[in-house]
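**Student:** Next one to model:
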Amino acid sequence: MKNIVIIPTYNEIENVEHMIRTVMSLDFEVDLLIVDDNSPDGTGTKVTELQKEFDNLFLETRKEKNGLGTAYIHGFKWCLDHQYDFIFEMDCDFSHNPKDLIRLWEACQDESVGVAVGSRYVDNLVNVVNWPMGRVLLSYFASMYVRFITRMKIMDTTAGFVCYKSEVLKAINLDKIRFRGYAFQIEMKFTALKHGFSIVEVPIIFTDRTKGTSKMSKGIVKEALLGVIQMKLQSFFRKY
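**Tutor:** Residues are numbered from 1 along each chain as shown. This is a model prediction of the structure:
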């Protein structure tokens, strides 16, 4: 079984080396793909340097910053071309604990599970550290809103810490995934469910970044709020 983690980066020079070394030190056989949007701070250059040390570290450099969703789509296609069996998404800022990769992988070993999600909101708990209350409420109620519109029975619909079995990504027409911001995470889960795959949530503790700058913006929030309604309506006229 071949496992790989995709980490999209833009100006993550403060985190990328530590993250790479942490993932590579896990007691878990996994490769790592960095998809860098031509970061001006030298993130890609640092990854290139570390490739001399780690032969299972790969780098895909895109010409410009073009959204989280398109970075992951680029990474998914690369991983499928290289015949990986389990494909993970994870942030570079340590908001996701790399040690939890193993727990997501274990959850995906169940034959009935297609996707494992590292969830901040399980069993009526909010497992978030260092976020201001406004950000916590925005995230929590955004997931409630998404559940109401889509009828997905997932507590953390916007979660970006995910393990996919390759057959899920093969079944999804990745070229038709249209969201570019964090709503991309919603669309991927919704589409996986529409294709008949099951999703399991694994409780994690999410810790806000201590280094670097958040990529959240008002445009990303607007995309999610309005786009989810459009996504739901279009699903009535689409074959899965």
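
**Student:** now for the helix or strand where residue 186 lies, which elements pack on it?
**Tutor:** Element membership for residue 186, per DSSP states H and E: helix 183-194. Secondary-structure packing of helix 183-194 (3 or more CB pairs under 8 Å, 6 or more residues apart in numbering; DSSP states H and E): helix 68-81, strand 115-119, helix 133-150, strand 162-165, strand 199-203, helix 218-235. C-beta: built from backbone N, CA, C; applies to glycine.

**Student:** One more pass at 6 Å, please.
**Tutor:** helix 218-235 (3 or more CB pairs under 6 Å, 6 or more residues apart in numbering; DSSP states H and E).

**Student:** what comes into contact with the helix it packs on?
**Tutor:** Contact with helix 218-235 is made by 146, 149, 150, 179, 181, 182, 183, as judged by CB atoms under 6 Å, 6 or more residues apart in numbering.

**Student:** Give me the pLDDT value at the spatially closest residue to residue 67 that is not a sequence neighbour.
**Tutor:** Of all residues not flanking residue 67 in the chain, residue 180 sits nearest, at 3.0 Å (CB to CB, 6 or more residues apart in numbering). Here, the pLDDT recorded for residue 180 equals 81.

**Student:** what's residue 180 in contact with, if anything?
**Tutor:** 67, 69, 70.

**Student:** the bottom helix or strand of the protein by mean pLDDT?
**Tutor:** Across the helices and strands of the chain, mean pLDDT, DSSP states H and E gives its lowest value to strand 125-126, namely a mean of 64.

**Student:** quick one: average confidence on stretch 70-84?
**Tutor:** 97.

**Student:** Need the CA coordinates for it. PDB is fine.
**Tutor:** Output in PDB follows, covering the C-alpha atoms of stretch 70-84 (Å, rounded to 0.1, in the frame of the first residue of the first chain):
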ATOM      1  CA  THR A  70      -6.700  24.000  -7.500                       C
ATOM      2  CA  ALA A  71      -3.500  23.100  -5.600                       C
ATOM      3  CA  TYR A  72      -5.100  20.000  -4.200                       C
ATOM      4  CA  ILE A  73      -6.600  19.000  -7.600                       C
ATOM      5  CA  HIS A  74      -3.100  19.300  -9.000                       C
ATOM      6  CA  GLY A  75      -1.800  17.100  -6.200                       C
ATOM      7  CA  PHE A  76      -4.600  14.600  -6.500                       C
ATOM      8  CA  LYS A  77      -3.900  14.100 -10.200                       C
ATOM      9  CA  TRP A  78      -0.100  13.700  -9.600                       C
ATOM     10  CA  CYS A  79      -0.800  11.100  -6.900                       C
ATOM     11  CA  LEU A  80      -3.200   9.100  -9.000                       C
ATOM     12  CA  ASP A  81      -0.700   9.100 -11.900                       C
ATOM     13  CA  HIS A  82       1.900   7.700  -9.500                       C
ATOM     14  CA  GLN A  83      -0.500   5.000  -8.300                       C
ATOM     15  CA  TYR A  84      -0.900   5.900  -4.600                       C
END
